[in-house]
Each structure stands twice: as C-alpha cells, then as structure tokens.
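Peer 1: This is a predicted model, with the sequence first.
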Amino acid sequence: MLAQNEHSVAGHWSGEFDEPALQGWVEQLRAQLKAPRVSLGLVFMSPQFFPHARQVLEILRVHGRIPLLAGCSSTGLIAGGEELEGNPGIALALYSLPDAELKAFHFQQGQVDEANGPATGRWKPA
C-alpha cells in the first residue's frame, strides 16, 4: 500500500523482519517522495517487530534518510489514512516540511501522568 502527495508519502510493510528486503522497501518509499529532503518520519510498529526494533529503526533512519523519526507501537496500524487492523507490520510516513524547524524531546509515561491537570509547564520545549 502506498499513499502520497507533494509533501508526504506513506506505506505499509507487511512482511517479516528481513533486513535487505526492509531496506529495499524503505528506499523505494523514500524515492516516491517528490520533495528533495525528508523532515520527519512517523513510524508505527506491531509487536512482531519488537525483538528487532533497534535494527528496524536504524534501517528506516539510514535508508529513508530521515533526520527525525518518531512513532509508537500498536496492534493496529494506520498508513495513508487507512486503518490496518489485524494486519501487522510497519507503517511509515515520510514528510517534507519546508521551512519548518522540528525539535525532538523524549518523555516517559510517568511524566504524562504527572502532567494530567491544568497547565503545568511540563510540555514546553527546553
């Protein structure tokens, strides 16, 4: 499955963990992005890939040429506006955001739980 427009492309990998095949898939997905550079990648990964998560994320970052990669794990995936319940794998969207300045930050579940109230200032970027 492939969904794209001028500034984004999204796809779904439904195969098993196979490093060369996954590398080829992400390179093909990246080639479909019409923009010259990727600004952001969003990845959703199903549990079958958890044992290989580090390798998968490195393959995506390097071969997708993704400077900022964010995502989460889930038993249901979304790719290109389509919900893929019961169809495990990896969903990856690549975005070109001209003139945008993106900054990553990491937070733990405990921080989310602590910030469950009126504006606590927790969510301001450092």
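Peer 2: Noted; the coordinates are in hand.

Peer 1: hey, let's count contacts and neighbours off CA atoms from now on
Peer 2: Noted.

Peer 1: Which residues outside stretch 38-49 are in contact with it?
Peer 2: 17, 56, 65-78, 88-98, 102 (CA atoms under 8 Å, 6 or more residues apart in numbering).

Peer 1: same thing but at 6 Å, please
Peer 2: Contacts to stretch 38-49, defined as CA atoms under 6 Å, 6 or more residues apart in numbering, come from residues 66, 68-75, 88-97.

Peer 1: Now the buried members of these.
Peer 2: Those of those that meet the buried threshold are 66, 69, 88-96, by 16 or more other CA atoms under 10 Å.

Peer 1: and the next element down the chain from the helix or strand bottoming out on mean pLDDT in the chain?
Peer 2: For the chain, using mean pLDDT, DSSP states H and E, the weakest element among its helices and strands is strand 2-5, scoring a mean of 62. Note on strand 2-5: by DSSP states H and E, the next helix or strand toward the C-terminus is strand 8-13.

Peer 1: Tell me how far residue 24 lies from residue 99.
Peer 2: The gap separating residue 24 from residue 99 is 29 Å, by CA to CA, to the nearest Å.

Peer 1: Which residue of these two possesses the greater neighbour count?
Peer 2: residue 24 (14 against 7; other CA atoms under 10 Å).

Peer 1: Contact partners for the more buried one?
Peer 2: Residue 24 neighbours (CA under 6 Å, 6+ apart): none.

Peer 1: so is it in a helix, a strand, or just coil?
Peer 2: Here residue 24 is recorded as helix under DSSP: H, G, I helix; E, B strand; the rest coil.

Peer 1: ok, which stretches of the protein are strands?
Peer 2: For the chain, applying DSSP state E gives strands covering 2-5, 8-13, 40-45, 69-73, 76-79, 82-85, 90-95.

Peer 1: Compare the mean pLDDT across these and name the weakest.
Peer 2: Among these, strand 2-5 has the lowest mean pLDDT, at a mean of 62.
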